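S.K.: One predicted model, sequence on top.
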Amino acid sequence: MSYPRTAFSEHNAERLWQLITEHPLATLVVAESDTPFVHMSLSLNNEKTHLLGHANPANPLTRLDKTHLHVLFRGPDAYLSPSQVTGLPLPTWDYATVHIHGQLSEITHPEEKRSALQHQLKQFESPVNPWDMSVLSENQIAKLFSQLFFFKIEIESITGTFKLSQNKNSDIRQTIAHLLEAQGNPLSRYYQQ
């Protein structure tokens, strides 16, 4: 038997990209490191070929140029109880995740650093009164860039696991979607796509 179950595998690339964009806090897994888990926000480049990030020099990623690693993006999730969902035989947990395998490479060129940071700011800053690098002088930007480790992760493979009770009948799934929507849980949207 394959795991996760084939029924829970998500192959729609747009849904995978959407989860990454909406839930950018990733867990980076590096087996060969003394610090095998690192948490940080990453953004997806426009071509959807690389993840972009930057880190403090103390971060163990700074010693991992040209290293292969795994990146996990965890989307919304929900505990489901038979007391809330008629027909559900046992409690279960539904969730959406994306796993990426790729190679980390340091970004060294100043213009590429600027572009990567601007890309992240565009994704993460609020549209209301967003912070912009233009408030900094070129000297301040150069100093900032010298104090950060900029990197990209080439996406070599991507898989999604969207466990959305696909092994249950449509009535149970519809009940779950309505319950989660009433609770304000964003996982409810995943059942409707």
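M.R.: Right, received. Where do you want to start?
S.K.: low-confidence ranges in this structure?
M.R.: Applying pLDDT under 70 to the chain flags the ranges 1-4, 193.
S.K.: can you pull out the helices in the protein?
M.R.: Here the chain has its helices, by DSSP state H, at 13-22, 110-124, 138-146, 170-183, 188-192.
S.K.: what sits against residue 51?
M.R.: Residues near residue 51 by Cβ atoms under 8 Å, 6 or more residues apart in numbering: 20, 26, 42-45, 71, 100, 102, 152-153, 155. Quick note: C-beta positions are derived from backbone N, CA and C, even for glycine.
S.K.: To clarify, my last question referred to residue 22.
M.R.: 75, 186.
S.K.: Tell me how far it lies from residue 96.
M.R.: 10 Å (Cβ to Cβ, to the nearest Å).
S.K.: Identify the contacts common to those two.
M.R.: What both residue 22 and residue 96 touch, as defined by Cβ under 8 Å, 6+ apart, is the set residue 75.
S.K.: Would you mind giving me the PyMOL syntax to select the buried ones in the contacts of residue 51?
M.R.: Selecting just the buried residues from the contacts of residue 51 in PyMOL takes one command, with 16 or more other Cβ atoms under 10 Å as the test:
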select buried, resi 20+26+42+43+44+71+100+102+152+153+155
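S.K.: Closest one to residue 178 out of the contacts of residue 51, please.
M.R.: Within those, the smallest distance to residue 178 is 26.8 Å, found for residue 20 (Cβ to Cβ).
S.K.: That closest one reaches residue 98, doesn't it?
M.R.: Yes - applying Cβ atoms under 8 Å, one finds residue 20 in contact with residue 98, separated by 5.8 Å.
S.K.: Quick check: neighbours shared by the two?
M.R.: residue 73.
S.K.: Residue 39 contacts residue 29, doesn't it?
M.R.: No - when contacts are counted by Cβ under 8 Å, residue 39 is not listed as touching residue 29 (10.6 Å).
S.K.: who's more crowded, the two?
M.R.: Neighbours per residue, other Cβ atoms under 10 Å: of residue 39 and residue 29, the larger number sits with residue 29, 15 against 9.
S.K.: how close does that one sit to residue 168?
M.R.: 31 Å.
S.K.: Could you do residue 55 as well?
M.R.: 41 Å.
S.K.: if you count what's nearby, which of these two comes out ahead?
M.R.: residue 168 (19 against 16).
S.K.: how near is the more buried one to residue 191?
M.R.: Distance, residue 168 to residue 191, using Cβ to Cβ: 11 Å.
S.K.: which neighbours do these two share?
M.R.: With Cβ under 8 Å, 6+ apart, residue 168 and residue 191 have common neighbours residue 176.
S.K.: what are the bridge partners for the nearest residue to residue 158 once chain neighbours are set aside, then?
M.R.: Spatial nearest neighbour of residue 158, excluding adjacent residues (Cβ to Cβ, 6 or more residues apart in numbering): residue 100 at 5.1 Å. With DSSP bridges as the criterion, residue 100 is bridged to residue 71, residue 158.
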